[in-house]
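1. Here is my input; please provide its structure:
(chains A and B)
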Amino acid sequence: MTGSIYAERSAQIHRKGEEPFRMVCNKESLAGAVSQRACVFCGSRVVLYPVADALHLVHGPVGCAVYTWDIRGALSSGPELHRLSFTTDLQETDVIFGGEKKLKRALMELIPRHRPQAAFVYATCIVGLIGDDVEGVCRQVSAETGIPVIPVQSEGFKGNKRAGYQAACRALFHLVGTGDTTGIGPLSVNILGDFNLAGEIWIIRRYFESLGLQVVANVTGDGRVGDIRRAHGAALNVVQCSGATLELARMMEEAHGIPYLRVSYVGVEDVADAIYRVAEFFAHRDPGIMDRARRLVRSELEKLLPQLARYREALQGKRAAVYTGGAFKAFSLVKAFRHLGMEVVLVGSQTGTEEDYRELHEITDPGTIIVDDSNPLELSAFIKEKDVDIFVGGVKERPIAHKLGVGFCDHNHERKIPLEGFEGMLHFAEEVYRSVMSPVWRFVPRRLEEPRGVRLQAVRR
Amino acid sequence: MLHHTPAVVAERKALRINPAKTCQPVGAMYAALGIHRCLPHSHGSQGCCAYHRSHLTRHYREPVMASTSSFTEGASVFGGAPNLRQALATIFDVYDPDVVAIHTTCLSETIGDDIPSILKKAAADGIIPQGKRVFHANTPSYVGSHVTGFANMVRAMVETFPVPAAERMEAVNLIPGYVEPSDMREVKHLAKMLGVDARVFPDTSGVLDAPQTASFRMYPSGGTPVSVLERLGQSRLTVALGPTASEPAARFLEAAHGVPCRVLDLPIGLRATDRFVQTLLEDAGGALSPELNDERGRLVDLMTDMHAHLHGKRVALWGDPDPVVSLTEFLADLGMKPVCVLTGTPGKRFELRVRGILKKTAPRAVVGAGADLFFLHQVVKKEPVDLLIGNTYGKYIARAEDVPHVRFGWPILDRVGHAHFPTLGYRGGLYLLTRIVNTLLERADRDAPDEELELVL
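-> You can find the predicted model right below:
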């Protein structure tokens, strides 16, 4: 198998303990690779799409809108305009003569009908190429309709998903600072980098609110345009996830002087750490907050730990592989698996930075394989080599794991239950348990227990 | 999200809401997976390839392999030739396919990459190893739909592989159309029952419904072998199922290799399957067997047994033109009333065909090509229906209007069965009809007051 891992990729693969740490990353994928990566548009779309009372219009041929239509369960507690798919569906004549008129007509039809609080207009590959003045059209329509109409410069070829995150952050930054901050107190935060998959941001909001903090804006899970417009009134940005909204936090720090903390809500340590660090930030303004934080963590742990112990007993010594979009989630997952008595033997991401991989190197056990921008052949070879019991990844990885006869946990777009917070850790344990301990793996040829089955297999070959 | 659709239909020209089609490349990728040991290659940005793979993966629940030229800003200014050359080198070095099927994207089409010359040069420079095949289809995303992309890729297959025929063989070419692996199996089954030596292409059975073997295979055992594709020019006849997806390839074989062709509706439902069988009997030397007659009889039996539950039921259906045309006929034959029949794929033929079928059954039906699901929702809101039949995206309408929904077509992202149970042929008709009847009966049970809940239906 090592033969099929091409030489150019060797610098993006590291085996801990065998060599000093060195990792090449954030590099363009080799042309011809069956890469698991996506494009700029994809990055922008996943970040912005949960803003539920905005109109999201994809300016391009129909495909870009279809493939991002409601693919991520980003829940809303109110309006659900974000779950419809709007596209200018560019045709050949538009490509030749330009799509600006069509774009304007589309916006002028949609805005009066659906009355969104803002509109995001996503520029796709083709729009970048034919040179439509998306910004100009947005400006005009904004003037005519009175709502913010924001261009998202997300032409697919301009980089990878990470560049798309940045384009989304620039789009969001158009909104920040345009709303009235009346009523926002000094004990206030914005939650950045959570997309409310399966209702996760509601868990996190509850934690912060029980500390006595006011949550001003969700960016972007269950997000509202009005909240984002006044997000600059908050005292602190709490930022989750590798890169998705970090750029926005930086811009808000520079422009509005709002500091930010980077946190993760996945896994026991990380969520406790997030709560404590946010509490510490406000401790000088609210002396009681640390006590409340400790009480919150204690009461949650008292509920969680006895339940986790049951799963730990069953899962002790099992092996996991983790391949995520951003690397930040991978840190938390490594720790979360340790809580279950499991070992992470393979870990990687699509878009990690060198700093990310250095940290992964530090927290993993010797022998762990660390990969950047991997592909199915590599992943399946490593999964076999390490005799993995469960693979954590996204939509394209699931059937590969299943074909190999390995359990799977979707920690990406398609998770249906919240995996964040203390209760999320319990759900995670349940999900891992359900997959790893499923009796179906006994029937997979690689793990056949019954000799009769082996013979049947032999006869069939 | 369910309350965003107003009942008043507004004239729309500039946009699509909740599309009932997608772009060409994904159809081309699916078609290419129907060649044995073929790696589809997306000549464009990385995202296209990732999206198509994800979409196909969600529908088939199988690994879907395809590579990409990974366009960057540079490639979109200076052209994608260096990317494609690099890609081919990587592909043959690492993934070792027998065939690479390139499809373009809106980006590479607009830049105007001249794929044939790039490939010629790559071959001359030794980037394409001896014995390996690389071909391409132009699939601009801003023309037609995913069905057009499928048709273009199938046409590219017959432009590439068949070698000039020295003599005619008894074999018959069979293009099953843009259908499921299970349907391709069913088409082969029917040909076999009739004793017809069929060259079926493309054939995704054994590729996207592969068994669990505890190993990951880049190239599962299925797919039409190149050796079969090479002999397509020698066949006595091509039977193309579904004009939108299969006719262009059949016409090319006719013009270039003198293989006559018969273009038929997809054999969905009794009569369309009859026409397919009749064609194989009359023009392909097939012979009817008692077993096949019984298969047909079982379908007719179910149709007669359950007709009372179906008569007069109002149905809205949508999907790709070829399957929807045949399904409309089947529903009308069952006594149902298809009152709204839509496809997202543009083209005039669809409306003519469907109107023809519905002339007596539902002359006032709303029929349209190039439509979307927002429009469908508005139609259904105004004139309620008893049943929706179409892809997964209809589930929002089903819930909003509280109408039962039979999943049919592509994509189906939230149910299983389509990859394994056909809707083509007599057996496919049984499966489809079973689901239609059971869905209506489940609804009847759900809605029945306690005292009216019947044990026997």
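2. domains in the chain, as residue ranges please.
-> Answering for chain A, as no chain was given. Residue ranges for the domains of chain A, per automatic domain parsing: A:1-33+A:316-415, A:40-175, A:188-301.
3. could you do chain B instead?
-> Taken from automatic domain parsing, chain B resolves into B:24-160, B:172-289, B:291-451.
4. quick one: which of these is nearest chain A?
-> Nearest to chain A, of all those, is domain B:24-160, at 2.5 Å by CB to the nearest CB. (Each C-beta comes from the backbone N, C-alpha and C, glycine too.)
5. who does the host helix or strand of residue B:158 touch, helix- and strand-wise?
-> Counting by DSSP states H and E, the element that carries residue B:158 is helix B:146-160. Applying 3 or more CB pairs under 8 Å, 6 or more residues apart in numbering or on different chains; DSSP states H and E, one finds that helix B:146-160 contacts helix B:24-32, strand B:99-104, strand B:133-137, helix B:226-230, helix B:243-257.
6. export the ones you listed to a markdown table and tack on mean neighbour count?
-> Output for the helices and strands packed on helix B:146-160, formatted as a markdown table (neighbours: other CB atoms under 10 Å in any protein chain shown):
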| stretch | mean neighbour count |
| --- | --- |
| helix B:24-32 | 30 |
| strand B:99-104 | 27 |
| strand B:133-137 | 22 |
| helix B:226-230 | 17 |
| helix B:243-257 | 21 |
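7. What parts of the stretch 251-400 of chain B come near chain A?
-> B:374, B:393, B:396 (CB under 8 Å from any CB of the partner chain).
8. Repeat the analysis, applying 6 Å as the threshold.
-> By the rule CB under 6 Å from any CB of the partner chain, no part of the stretch 251-400 of chain B lies against chain A.
9. Tell me the pLDDT of the residue nearest the centre of chain B.
-> In chain B, the centroid-proximal residue (CA atoms, centre = their mean) is residue B:178; its distance is 2.1 Å. Looking at residue B:178, its pLDDT is 98.
10. How many residues are close by the residue of the stretch 151-300 of chain A at minimum distance from chain B?
-> Going by CB to the nearest CB, chain B is nearest to residue A:156 of the stretch 151-300 of chain A, at 3.7 Å. As a burial measure, residue A:156 scores 35 neighbours (other CB atoms under 10 Å in any protein chain shown).
11. Which strand or helix spans the residue nearest to the centre of chain B?
-> Here residue B:178 is assigned to no helix or strand, by DSSP H and E.
12. Go ahead and confirm it touches residue B:245.
-> Yes. Using CB atoms under 6 Å, residue B:178 makes contact with residue B:245 at a distance of 4.1 Å.
13. What backbone torsions are found at residue A:146?
-> Recorded main-chain torsions at residue A:146 are phi 80, psi 10, according to degrees, to the nearest 10.
14. Same list, the helices and strands packed on helix B:146-160, but as TSV with mean pLDDT please.
-> Formatted as TSV, the entries for the helices and strands packed on helix B:146-160 read as follows, by pLDDT from 0 to 100:
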stretch	mean pLDDT
helix B:24-32	98
strand B:99-104	98
strand B:133-137	98
helix B:226-230	98
helix B:243-257	98
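15. mind putting the ones you listed in JSON lines, distance to residue B:5 included?
-> Output for these, formatted as JSON lines (distance: least, CB to CB, whole Å):
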{"stretch": "helix B:24-32", "distance to residue B:5": "26"}
{"stretch": "strand B:99-104", "distance to residue B:5": "34"}
{"stretch": "strand B:133-137", "distance to residue B:5": "36"}
{"stretch": "helix B:226-230", "distance to residue B:5": "46"}
{"stretch": "helix B:243-257", "distance to residue B:5": "28"}
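16. Compute the number of surrounding residues for residue B:275.
-> When neighbours are counted by other CB under 10 Å, residue B:275 comes out with 15.
17. Quick check: closest non-adjacent residue to it.
-> Leaving aside its sequence neighbours, residue B:275 sits nearest to residue B:264 (CB to CB, 6 or more residues apart in numbering or on different chains; 5.8 Å).
18. Point out where the stretch 201-350 of chain B drops to low pLDDT.
-> Of all residues in the stretch 201-350 of chain B, none has pLDDT under 70.
19. Could you pull out the strands in it for me?
-> For the stretch 201-350 of chain B, the strands defined by DSSP state E, counting those that start in this stretch occupy B:237-241, B:261-264, B:314-318, B:337-342.
20. sorry, back to before: distance from the helix holding residue B:158 to the middle of the chain?
-> 12 Å (CA atoms, centre = their mean, to the nearest Å).
21. Identify all contacting residues around that helix.
-> Applying CB atoms under 6 Å, 6 or more residues apart in numbering or on different chains, the contact partners of helix B:146-160 are B:22, B:24-28, B:31-32, B:135, B:137, B:139, B:178, B:232, B:244-245, B:248-249, B:252-253, B:320, B:345.
22. Could you do stretch A:32-47 as well?
-> By CB under 6 Å, 6+ apart, stretch A:32-47 touches A:29, A:64, A:68, A:124, A:152, A:154, A:156, A:158-161, A:163-165, A:167-168, A:244, A:350, A:375-376, A:396, B:45-47, B:50, B:65, B:67, B:87, B:90-91.
23. Could you tell me the end-to-end distance of that stretch?
-> Distance across stretch A:32-47, first residue to last, is 28 Å (CA to CA, to the nearest Å).
24. residues touching residue A:96, list them.
-> Here residue A:96 is in contact with no residue (CB under 6 Å, 6+ apart).
25. hmm, back to that, could you dump the domains of chain B into TSV and include distance to residue A:128?
-> Below are the domains of chain B laid out as TSV (distance: least, CB to CB, whole Å):
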stretch	distance to residue A:128
domain B:24-160	7
domain B:172-289	30
domain B:291-451	25
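26. Comparing these, which stretch has the densest surroundings?
-> domain B:24-160 (a mean of 23; mean count of other CB atoms under 10 Å in any protein chain shown).
27. From the chain's centroid, how far away is that one?
-> The chain centroid and the centroid of domain B:24-160 are separated by 19 Å under CA atoms, centre = their mean.
28. Likewise for stretch A:106-119?
-> 28 Å.
29. how about that stretch, does it reach chain B?
-> Yes. Against chain B, stretch A:106-119 shows contacts by CB under 6 Å from any CB at residue A:106.
30. check which helix or strand covers residue A:272.
-> Judged by DSSP H and E, residue A:272 forms part of helix A:268-282.
31. export that helix as CSV, just CAs?
-> Extracted in CSV, the C-alpha atoms of helix A:268-282 (Å, rounded to 0.1, in the frame of the first residue of the first chain):
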residue,chain,number,x,y,z
VAL,A,268,-15.5,17.2,28.8
GLU,A,269,-12.3,19.0,29.4
ASP,A,270,-12.8,21.4,26.5
VAL,A,271,-16.3,22.4,27.4
ALA,A,272,-15.4,22.9,31.1
ASP,A,273,-12.3,24.9,30.0
ALA,A,274,-14.5,27.0,27.7
ILE,A,275,-16.9,27.8,30.6
TYR,A,276,-14.1,28.6,33.0
ARG,A,277,-12.1,30.8,30.7
VAL,A,278,-15.2,32.8,29.7
ALA,A,279,-16.0,33.1,33.5
GLU,A,280,-12.5,34.2,34.2
PHE,A,281,-12.7,36.9,31.6
PHE,A,282,-15.7,38.5,33.4
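32. Tell me the buried residues in the following helix or strand past that helix?
-> On the C-terminal side of helix A:268-282, the closest following helix or strand by DSSP H and E is helix A:289-315. Burial within helix A:289-315, assessed by neighbour count using 16 or more other CB atoms under 10 Å in any protein chain shown, is assigned to A:289, A:292, A:293, A:296, A:297, A:300, A:304, A:308, A:311, A:312, A:315.
33. what about the residue lying closest to the third one once chain neighbours are set aside, how many neighbours?
-> Looking back up the chat, that one is residue A:293. Closest residue to residue A:293 apart from its sequence neighbours, by CB to CB, 6+ apart: residue A:279 at 3.7 Å. By other CB under 10 Å, 23 other residues sit near residue A:279.
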